[in-house]
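Visitor: I would like the atomic coordinates for the input below:
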Amino acid sequence: MTNTATDNNDTNTGTAHRAEAKSRFNAALEEAKAGAAALRAEGKERAAAYRGQAKGKGEDWVAEAKTYGTEARVKGKELATEGKVKTSEGLRALSRTISDNAYQVDEKLGSKYGEYARTASKSLDDYAGKLDDKSVDDLVEDGREFVRKSPGLAIGIAAAAGFMLSRLFRR
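Guide: Numbers count the residues shown, from 1 in each chain. All right, here's what the predicted structure looks like:
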């Protein structure tokens, strides 16, 4: 004798358990999807907030850098003007020294060489006058034009000046 009622009852119970498990699994899956969607939305909100903060900081930094750049330009121009004045004064002082000592050159080497010294003195004084007449912006533009016309010579002069400065400050 077979117990068909028990077998039938076990089949119905198994099917019911499967249906319940499937239902619970689907509910858990839906809950996980909803949680992931909520996390995604929260992540987007936080990212937008951080993006806004970063943009604000970036704009602040740019404004600060522009302020520093403007201050540096003004200070650089002041220093360049001061350097130009000192250079001009130095050239004039050298011109006076050469001119004052030209008579000694006349006595020791001859009037021809004394005249060379006077010509050099006048040239230095003229150059100092030209330097006084030009603004720093004009001098910068002259330098740029020189580099455009003779880039090789400009590189050579810069290398020589760099070498001399490195030797000077080495000690």
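
Visitor: where does this protein have low pLDDT?
Guide: 1-11, 171 (pLDDT under 70).

Visitor: what does stretch 48-64 contact?
Guide: In this structure, no residues lie in contact with stretch 48-64 by CB atoms under 8 Å, 6 or more residues apart in numbering. The C-beta positions use only the backbone N, C-alpha and C, and glycine is treated the same way.

Visitor: wait, doesn't L139 sit right on G83?
Guide: No - counting by CB atoms under 8 Å, L139 does not reach G83; the two are 10.0 Å apart.

Visitor: ok, the two, which is more surrounded?
Guide: Neighbours were counted for L139 and for G83 using other CB atoms under 10 Å; L139 has more, 14 against 11.

Visitor: state the distance from the more buried one to V74.
Guide: Separation of L139 from V74 (CB to CB, to the nearest Å): 17 Å.

Visitor: then A37?
Guide: Distance from A37 to V74, by CB to CB: 56 Å.

Visitor: and K44, by the same measure?
Guide: Taken as CB to CB, the span from K44 to V74 is 45 Å.

Visitor: gap between the strand or helix carrying G152 and the chain center?
Guide: Using DSSP states H and E, G152 falls within helix 151-170. Offset of helix 151-170 from its chain centre (CA atoms, centre = their mean, to the nearest Å): 24 Å.

Visitor: how about it as CSV, C-alpha atoms only?
Guide: Extracted as CSV, the C-alpha positions of helix 151-170 are listed here (Å, rounded to 0.1, in the frame of the first residue of the first chain):
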residue,chain,number,x,y,z
PRO,A,151,68.3,84.4,-31.4
GLY,A,152,71.7,82.7,-31.5
LEU,A,153,73.5,85.8,-30.2
ALA,A,154,70.9,86.2,-27.5
ILE,A,155,71.4,82.6,-26.4
GLY,A,156,75.1,83.1,-26.4
ILE,A,157,74.9,86.2,-24.3
ALA,A,158,72.5,84.6,-21.9
ALA,A,159,74.8,81.6,-21.5
ALA,A,160,77.9,83.8,-20.9
ALA,A,161,76.0,85.9,-18.4
GLY,A,162,74.7,82.8,-16.6
PHE,A,163,78.2,81.4,-16.4
MET,A,164,79.6,84.7,-15.1
LEU,A,165,76.8,85.0,-12.5
SER,A,166,77.3,81.3,-11.4
ARG,A,167,81.0,82.0,-10.9
LEU,A,168,80.3,85.2,-9.0
PHE,A,169,77.8,83.6,-6.6
ARG,A,170,79.6,80.4,-6.3
